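S.K.: Take a look and give me a structure for this.
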Amino acid sequence: MNIEDQKQMTILVVDDTEANIDMLLAILKEYDVIPATSGEDALSLLEEEKVDLVLLDIIMPEMDGFDVCRQIKKNSNTTDIPVIFITAKDDEESIEEAYKIGGVDYITKPFRPRELLARVKTHLRLQHTKELLNKQVESQRELLHVLCHDLSNPLGAIESYSKYLIDFPQETDIIKDILNASIDGMNVIDLTRRLMATEEKQMSTYPVRLKHTMEQSLAILKVKLDNKNIDLKLDIPENIQVKAEEISLVNTVFNNLITNAVKFSKTGSSIRIYIDKQDSHEICLVIQDSGIGIPQDLLKDLFDISKTTNRIGTDGETGTGFGMPLVKKFMEKYGGDIQIISKSQDEDPDDHGTLICLTFLTG
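M.R.: Got it, this is the predicted structure:
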C-alpha cells in the first residue's frame, strides 16, 4: 500500500491567479486540496486545517510568498509543514532565498504536470517518514522515562532501608522490604523490555487486586510518607479487582500519583485513598490530598509530555514533570481514564488540594 493511500493527504495551494489554482486542483485531484488566493487567507487556513504540504506562489499582492513562508516557519504549530515554491521567478537570488527561509523545493512556471506531481509525492513521502521517525523517537523517550523515573522509587527505598539496617541489623522485616523493592526495580526493567518489544501493540490486561497493588506501592514509598509524617488513610475493599497490568500499575501509575501527593503536601497533612463510585462495569479510585494544589495554567498541560510542568515540592523535592503523561498513557492502555480536580493554595488559601479519579474497568 502506498503512503498516499494510508490517509487522505491535505495540500494547501496558494496562488492569486484563479486559473493556476484550477490547474493545480486538476493535477492534484487524488488529494484533498484547499485553495487560497492570498497570503493572509493561507495563514488563516493553516490555523484551522491540518495541512500536510503547502504549494506557494511568490508573486502575490500585499503579502508575497516569501513573507508567507517566514510566517509558517515562525509558528510552532506549522513550522514542520513542507513548503514547495511554485513561481515564475527563476533568478538565482529568489531560488536561494526560498531555500534559505525554509522551502523544501522550488518549481518554476510553466511547470510540467507529471514532474510537479512526482515532486509532491516525494515530499509527502518524506514528511510521512519524518512523522513516523518522530513517533519512534517519542516512544523511545517515554520508555527511557519509565526506566529513569519509575526505578527511582524502588531504588530510593533500597537505599533508605539499607542505611537503616546499619544501625538496626536485627530488623528482619526491613530485609523483606529491601527484597521487595529490588524485585519491583527488576519488574520495571522487565516491563520496559516488553513495551519495547510490543511498541504500538495493545497492552495485555488482566484482573488485578486493587488493594494489593496499592499496598505494594505504599510499601515502596513508605520512607517518603514517614519523612513528611503523612497520615495516609486507605479504604479499598479486599475483593475489588480491576483490569490492568500489575507492574506498570504499581510502579508507574500509583507510585507517580502518590509521590506527587506527598511531594505537594505539607508535613503532617493527610492523604485519602478510597473508592468513590462502583458499578458492574467501572470503578473510580480516588487519591485525594490537601496539599498546595495545581495552578490552572499547569493543570491544562499536565498530560502533555512536550510541556514543562515540573515544580518544586513543599520540602524542596524535585521532579522531571514526565510522570503524569506516562500515568495517562497507561490508564488508557488499561481501557480506563484519569481526571484531576485541583485548587491551588494561591487561588484558594482556605480550600486547596488535589483530587484524582482513576477510572478502571472492573476485572
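S.K.: Show me what the strand or helix carrying residue 93 is packed up against.
M.R.: Using DSSP states H and E, the element containing residue 93 is helix 92-100. Judged by 3 or more CB pairs under 8 Å, 6 or more residues apart in numbering; DSSP states H and E, the packing partners of helix 92-100 are helix 65-74, strand 105-108. In this view, the C-beta of every residue, glycine as well, is placed from N, C-alpha and C.
S.K.: Apply 10 Å and report the result again.
M.R.: helix 65-74, strand 83-87, strand 105-108 (3 or more CB pairs under 10 Å, 6 or more residues apart in numbering; DSSP states H and E).
S.K.: which one of the ones you listed lies closest to residue 219?
M.R.: Set against residue 219 and scored by CB to CB, the helices and strands packed on helix 92-100 come closest in helix 65-74, at 51.3 Å.
S.K.: quick one: contacts for the residue nearest to residue 236 when sequence neighbours are not counted?
M.R.: Once flanking residues are discounted, residue 236 sits nearest to residue 211: 4.1 Å by CB to CB, 6 or more residues apart in numbering. By CB atoms under 10 Å, 6 or more residues apart in numbering, residue 211 lies in contact with 234, 235, 236, 237, 238, 239, 240, 241, 273, 275.
S.K.: Can you list which of those are found in strands?
M.R.: 234, 235, 241, 273, 275 (DSSP state E).
S.K.: what does stretch 273-284 contact?
M.R.: 210-211, 214, 217-218, 232-237, 240-242, 254, 257-258, 261, 285-289, 335-337, 339, 355-363.
S.K.: Which ChimeraX command selects the buried ones in the residues you listed?
M.R.: ChimeraX command restricting the contacts of stretch 273-284 to the buried ones, with burial defined by 16 or more other CB atoms under 10 Å:
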select :210,211,214,217,218,232,236,240,241,242,254,257,258,261,285,287,288,289,335,336,355,356,357,358,359,360
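S.K.: Mind jotting down where the helices sit in the stretch 251-363 of the chain?
M.R.: Assigned by DSSP state H, counting those that start in this stretch, the stretch 251-363 of the chain shows helices spanning 255-263, 296-299, 323-333.
S.K.: can you redo these as CSV with mean pLDDT and distance to residue 23?
M.R.: What follows is those, written out as CSV (pLDDT from 0 to 100; distance: least, CB to CB, whole Å):
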stretch, mean pLDDT, distance to residue 23
helix 255-263, 92, 55
helix 296-299, 88, 48
helix 323-333, 86, 45
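S.K.: so which of these is the most packed in?
M.R.: Ranked by mean neighbour count, the helices of the stretch 251-363 of the chain are led by helix 255-263 with a mean of 24 (mean count of other CB atoms under 10 Å).
S.K.: got the angle for that helix vs helix 323-333?
M.R.: For helix 255-263 against helix 323-333, the angle by axes from the mean of the first three to the mean of the last three CA atoms, to 10 degrees is 140 degrees.
S.K.: Point out the other helices and strands that helix 255-263 packs with.
M.R.: Helices and strands touching helix 255-263, by 3+ CB pairs under 10 Å, 6+ apart, are helix 113-167, helix 210-220, helix 222-227, strand 231-235, strand 270-278, strand 282-289, helix 323-333, strand 353-361.
S.K.: Kindly recompute the last result at 8 Å.
M.R.: Secondary elements touching helix 255-263 (3+ CB pairs under 8 Å, 6+ apart): helix 113-167, helix 210-220, helix 222-227, strand 270-278, strand 282-289, helix 323-333, strand 353-361.
S.K.: Report the angle between that helix and strand 282-289.
M.R.: Using the same axes, to 10 degrees: helix 255-263 against strand 282-289 is 30 degrees.
S.K.: Listing request: residues of this structure with sub-threshold pLDDT.
M.R.: 1-7, 139, 141-153, 155-156, 159, 161-177, 179-202, 305-306, 308-309, 318-322 (pLDDT under 70).
S.K.: one more time with 50
M.R.: 1-6, 200 (pLDDT under 50).
S.K.: How is it divided into domains?
M.R.: Split into domains by automatic domain parsing, the chain comes to 3-111, 191-361.
S.K.: what about the longest one, distance to the chain center?
M.R.: Centroid displacement of domain 191-361 relative to its chain, using CA atoms, centre = their mean, to the nearest Å, is 16 Å.
S.K.: Next: the shortest one.
M.R.: Centroid separation between domain 3-111 and its chain, computed with CA atoms, centre = their mean, is 30 Å.
S.K.: what's the answer for stretch 120-137, then?
M.R.: That offset, for stretch 120-137, works out to 20 Å (CA atoms, centre = their mean).
S.K.: So which of the contacts of residue 211 is the closest to residue 203?
M.R.: Nearest to residue 203 among those: residue 241, at 17.2 Å, using CB to CB.
S.K.: now the closest one, nearest residue through space, not along the chain?
M.R.: Closest residue to residue 241 apart from its sequence neighbours, by CB to CB, 6+ apart: residue 363 at 3.3 Å.
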